[in-house]
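Participant: need coordinates for the following:
(2 chains)
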Amino acid sequence: MANINKVGFNLGQKIANPFKTSRNSTTNPFKYSNFEGNTLQFEYADVFEGSKHSANNSKLKMITSSVAGSMTKLRSSITEPIVNFVNRVREGISSAWDYAKNTNVSDLAGIKTINKVMNADILDIGKGIGNSISGMGKGIAEKMAFLNTDVTDIGKGLSTKWNSLISKVHANKINKDTTVAELKAMWEAEIAASEAKEVA
Amino acid sequence: MNKNVAEIIDALAAHQDHASIEVLEELGTNSPDNEVREYTSRALVRKNVHDSLKIVIINQGKGINDLSPSVAMSTINEILSLKDKSEVIKILDDTINMHSDEGVKENARSVKSLLALS
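Facilitator: Next up is the predicted model:
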């Protein structure tokens, strides 16, 4: 390779301007065609070494033969199970077809149990939903009744307390028209309340 | 003093019957609260009748004879502020002349002196 570079370097120097001779005084345009005696020898070009061709060919043959052998082995190992598989599928399909053709759907194993469970569950679910709805309705009605009763009681209580408050306010209104007995009773009540406060 | 009690005393003072005087004497002059006793005594004086004035003049520990100086002085001031003092003077004279307790007599004499000076 170093020799090639050396030769190239020399060639570059000599062939840098091949038309220069026409302009110069030199009249021979083929003056540098002979590389001034530096002819390229065969021994410097390693790409043309004939001794290495035989080794590459042998390697290629080895690889080719190995690949062909692997493919042969692969084919021999796959073809037999595929056949068996296809045969089994064909037999299975035929048997399944016969079974399906000769068997009632209702007689299938487990279908009766499934039907029983599903029917029972659906019935129970439906009954449960119905009971829940009716129970909700009853509960709402009962709660509304209680609410009405409570509201009525609250209204009654409010009216009673309001009336008592009004009567108390009217009763507490002290004027000249209040009798002496009422005034005495009110005074005694005030004394009792003050005594209760002192005791507390 | 409670506002309700004051209103009750005022309402009883406005009444003309004898029952109101009895209530004032029973509940007011016997109250342990000095303010209630003071307010009640003034209400009895404002009635300016024999029965009400007698309570605050001749009874020991009530009206002008009360152990609380504020109650006694308030009662005396209310007596001095009366327009018609004829009934008060009559009762004070009877007390000075006929009452058995000297302390009550002395207080009645002092009040009569104050009435004479006013």
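Participant: which outside residues touch the lengthiest helix in chain B?
Facilitator: The helix that spans the most residues within chain B, counting by DSSP state H, is helix B:102-117. The contact list for helix B:102-117, computed with Cβ atoms under 8 Å, 6 or more residues apart in numbering or on different chains, reads B:57-58, B:60, B:64-65, B:72, B:76, B:79-80, B:85, B:88-89, B:92-93, B:95-96, B:99. All C-beta atoms are positioned from the backbone trio N, CA, C, and that covers glycine.
Participant: and if you look at stretch B:7-22?
Facilitator: Under Cβ under 8 Å, 6+ apart, the answer for stretch B:7-22 is A:174-176, A:178, A:180-181, A:183, A:186-187, A:190, B:23-24, B:28, B:36, B:39-40, B:43-44, B:46-47, B:49, B:51-52, B:55.
Participant: kindly report the same for stretch B:61-74.
Facilitator: Residues from elsewhere that reach stretch B:61-74, judged by Cβ under 8 Å, 6+ apart: B:25, B:29, B:34, B:37-38, B:41-42, B:44-45, B:55-57, B:59, B:75-76, B:79, B:103-104, B:107-108, B:111.
Participant: let's see which of these end up in strands.
Facilitator: Secondary structure from DSSP state E places none of the contacts of stretch B:61-74 in strands.
Participant: show me how to select, in ChimeraX, the buried members of those residues.
Facilitator: The buried residues among the contacts of stretch B:61-74 can be selected in ChimeraX (16 or more other Cβ atoms under 10 Å in any protein chain shown) with this line:
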select /B:25,29,34,37,38,41,42,44,45,55,56,57,59,75,76,79,104,107,108,111
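Participant: list the contacts of the residue nearest the centre of chain B.
Facilitator: Closest to where the C-alpha atoms of chain B average out (Cα atoms, centre = their mean) is residue B:56, at 2.9 Å. Counting by Cβ under 8 Å, 6+ apart, residue B:56 makes contact with B:29, B:41, B:44-45, B:62-64, B:75, B:79.
Participant: could you redo the last one with a cut-off of 10 Å?
Facilitator: By Cβ atoms under 10 Å, 6 or more residues apart in numbering or on different chains, the contact set of residue B:56 is B:24-25, B:29, B:40-45, B:47, B:62-66, B:71-72, B:75-76, B:78-79, B:88, B:91.
Participant: and if you look at residue B:86?
Facilitator: When contacts are counted by Cβ under 10 Å, 6+ apart, residue B:86 touches residue B:48.
Participant: measure it to chain A for me?
Facilitator: 26 Å (Cβ to the nearest Cβ, to the nearest Å).
Participant: mind listing the helices for chain B?
Facilitator: B:3-14, B:18-23, B:34-47, B:50-58, B:69-80, B:86-98, B:102-117.
Participant: what's the closest of these to residue A:89?
Facilitator: helix B:3-14 (109.1 Å; Cβ to Cβ).
Participant: for the closest one, which positions count as buried?
Facilitator: Buried positions in helix B:3-14, judged by neighbour count with 16+ other Cβ under 10 Å: B:5, B:7-13.
Participant: now swap in stretch B:73-84 and tell me
Facilitator: Within stretch B:73-84, the residues that count as buried by 16+ other Cβ under 10 Å are B:74-76, B:78-79.
Participant: quick one: that stretch to chain centroid distance?
Facilitator: 9 Å (Cα atoms, centre = their mean, to the nearest Å).
Participant: can you tell me the average pLDDT over that stretch?
Facilitator: On average, the pLDDT along stretch B:73-84 is 94.
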